[in-house]
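Colleague: give me coordinates for this.
(chains A, B, C and D)
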2 protein chains.
Amino acid sequence: MTAMNDATRAPEGAGPRAAPPTLTGLTTYLLSRTGKAARTAFAAELAGQGMRLWHMAVLAALADFGPHAQRELSVRLAIDPSDVVKVVDELAAPGWVERARDPADRRRVVISLTQPGRAALDGLTVRAGEVQDAVLAPLDPAERRQLHALLARVHAGLPAGPGAGRGRPSPP
Amino acid sequence: MTAMNDATRAPEGAGPRAAPPTLTGLTTYLLSRTGKAARTAFAAELAGQGMRLWHMAVLAALADFGPHAQRELSVRLAIDPSDVVKVVDELAAPGWVERARDPADRRRVVISLTQPGRAALDGLTVRAGEVQDAVLAPLDPAERRQLHALLARVHAGLPAGPGAGRGRPSPP
DNA sequence: AAAAATGGTGGGTGCACACCCATCATGGGG
DNA sequence: CCCCATGATGGGTGTGCACCCACCATTTTT
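Modeller: Numbering: from 1, shown residues only, chains lettered A, B, ... in the order given. Okay, the predicted model is just below:
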């Protein structure tokens, strides 16, 4: 990887727009780039409706698994409990989810999806499909399925949610 | 996608840790998640050495295509010119790149990779490989090649670099 | 020679994300 | 009945990223 520069050098007056092979040779780089593109494109879609990615995640969790206490949402989505509150706040404002104190344990607040919320989620899913179509444009349906299957395996192998993430640079 | 919740509902007392199928059914979601995982894992690696992702990108561009004027780096990597300055600043500090005014056009500052810089890049590439191994652990070599090929096609089809990204809400 | 264009630099902004802590209500055990 | 654990909430913090603008040096154009 250290001996390709002299030959590969681009004509300097032209349009040097290609990404460095050292990077594009890394699957993680491609993953990161395409992932970011997908994420960003869809986030823009959501932003048009005043939402962010977590909003859809919460709606999806409620739709797929039924009502959750906020704590459960926090665990399932690997999101900070305190952030769940804010997201739920914003979902409750347009009436997409409902808060109800659990009568059995009045500390718990059970969140459930409303009809409008389900409709909103369906709309978002459609939008997501459109974005996906745009991103995966170079692939035919079979290849898309293949990609999906591979990614699903990789995704299943990931340690924790996003929590495993941030750099925590200096552990003194 | 609206009729799977009643049956799929998880036992509420158990450990509700699975991600919502509505999300995992979206390739873009998997892409975003796995991409973020890869990105984050590697960023943590880099952070351990006081670097961020752009630093490696610049090193890679220099290694693959030879010296660049900062403007050229900016175009190639689709990064803001003003940010190139800062990244190059930080790469020049440890002596990994060198600034030299172009004698033909004394406005231009030509950045070139030094020997230590190349060594540093090689080290980073190894680290990246390790991270990649961890992320792609569930896949065998053939599958990894397949994934790489698919992602390369998707990546090639992306509009611009990261610039196409952020919410640019109002383009008046 | 003055004016416009180009390249580089520094400073500062806004946003999304992840994270942490103090506070309050409730539930349950000593 | 008091104390502690749990759940929810609000407020605030730090970081990385992308972006923008104002300024200076130099080149190119007029």
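
Colleague: residues near the closest residue to chain B within chain A, how many?
Modeller: Closest residue of chain A to chain B, Cβ to the nearest Cβ: A:Gly35 (1.8 Å). For glycine as for every other residue, the C-beta is placed from the backbone atoms N, C-alpha and C. When neighbours are counted by other Cβ atoms under 10 Å in any protein chain shown, A:Gly35 registers 27.

Colleague: and what about it, helix, strand or coil?
Modeller: helix (DSSP: H, G, I helix; E, B strand; the rest coil).

Colleague: which residues touch it?
Modeller: B:31-36, B:38-39 (Cβ atoms under 8 Å, 6 or more residues apart in numbering or on different chains).

Colleague: so which of these wins on neighbours?
Modeller: B:Leu31 (29 neighbours).

Colleague: any idea which helix or strand comes after the helix or strand containing it?
Modeller: Assigned by DSSP states H and E, B:Leu31 belongs to helix B:27-47. Once the chain leaves helix B:27-47, the next helix or strand it forms, by DSSP H and E, is helix B:53-65.

Colleague: I'd guess A:Ala152 is in a strand, am I close?
Modeller: No. Applying three-state DSSP, one finds A:Ala152 to be helix, outside a strand.

Colleague: and the closest residue to it other than its chain neighbours, what pLDDT?
Modeller: Spatially, and ignoring its direct neighbours in sequence, A:Ala152 is nearest to B:Leu30 (6.0 Å; Cβ to Cβ, 6 or more residues apart in numbering or on different chains). Here the pLDDT value assigned to B:Leu30 is 94.

Colleague: from what I see, B:Leu30 and A:Leu151 are in contact.
Modeller: Yes. At 3.8 Å, B:Leu30 counts as touching A:Leu151 under the criterion of Cβ atoms under 8 Å.

Colleague: where along chain A do the helices fall?
Modeller: A:5-8, A:21-24, A:27-47, A:53-65, A:70-77, A:81-92, A:115-135, A:141-157 (DSSP state H).

Colleague: export those to JSON lines and tack on distance to DNA strand C?
Modeller: Formatted as JSON lines, those follow (distance: least, Cβ to the nearest atom of the strand, whole Å):
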{"stretch": "helix A:5-8", "distance to DNA strand C": "19"}
{"stretch": "helix A:21-24", "distance to DNA strand C": "21"}
{"stretch": "helix A:27-47", "distance to DNA strand C": "5"}
{"stretch": "helix A:53-65", "distance to DNA strand C": "4"}
{"stretch": "helix A:70-77", "distance to DNA strand C": "9"}
{"stretch": "helix A:81-92", "distance to DNA strand C": "3"}
{"stretch": "helix A:115-135", "distance to DNA strand C": "14"}
{"stretch": "helix A:141-157", "distance to DNA strand C": "15"}
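
Colleague: need the ones you listed in CSV with distance to B:Leu136, can you?
Modeller: Formatted as CSV, the helices of chain A follow (distance: least, Cβ to Cβ, whole Å):
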stretch, distance to B:Leu136
helix A:5-8, 26
helix A:21-24, 16
helix A:27-47, 6
helix A:53-65, 24
helix A:70-77, 24
helix A:81-92, 30
helix A:115-135, 20
helix A:141-157, 6
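
Colleague: now A:Glu98: how far from A:Ala60?
Modeller: As for A:Glu98, its distance to A:Ala60 is 17 Å (criterion: Cβ to Cβ, to the nearest Å).

Colleague: show me which of the two is the more surrounded one.
Modeller: A:Ala60 (26 against 17).

Colleague: so which bits of chain A are right by DNA strand D?
Modeller: A:36, A:69-71, A:74, A:81-82, A:84-86, A:88-89, A:99, A:107-109, A:167, A:169 (Cβ under 7 Å from any atom of the strand).

Colleague: and if we set it to 10 Å?
Modeller: For chain A, the residues in contact with DNA strand D (Cβ under 10 Å from any atom of the strand) are A:32-33, A:36, A:40, A:68-75, A:80-89, A:92, A:99, A:101-102, A:105-111, A:166-170.

Colleague: these, buried ones only, as a ChimeraX selection?
Modeller: Per 16 or more other Cβ atoms under 10 Å in any protein chain shown, the buried members of the residues of chain A next to DNA strand D correspond to this ChimeraX selection:
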select /A:32,33,36,40,68,69,70,72,73,74,75,84,87,88,108,109,110,111
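
Colleague: give me the mean pLDDT for stretch A:35-47.
Modeller: 90.

Colleague: I misspoke; the intended subject was stretch A:141-149.
Modeller: pLDDT averaged over stretch A:141-149 gives 96.
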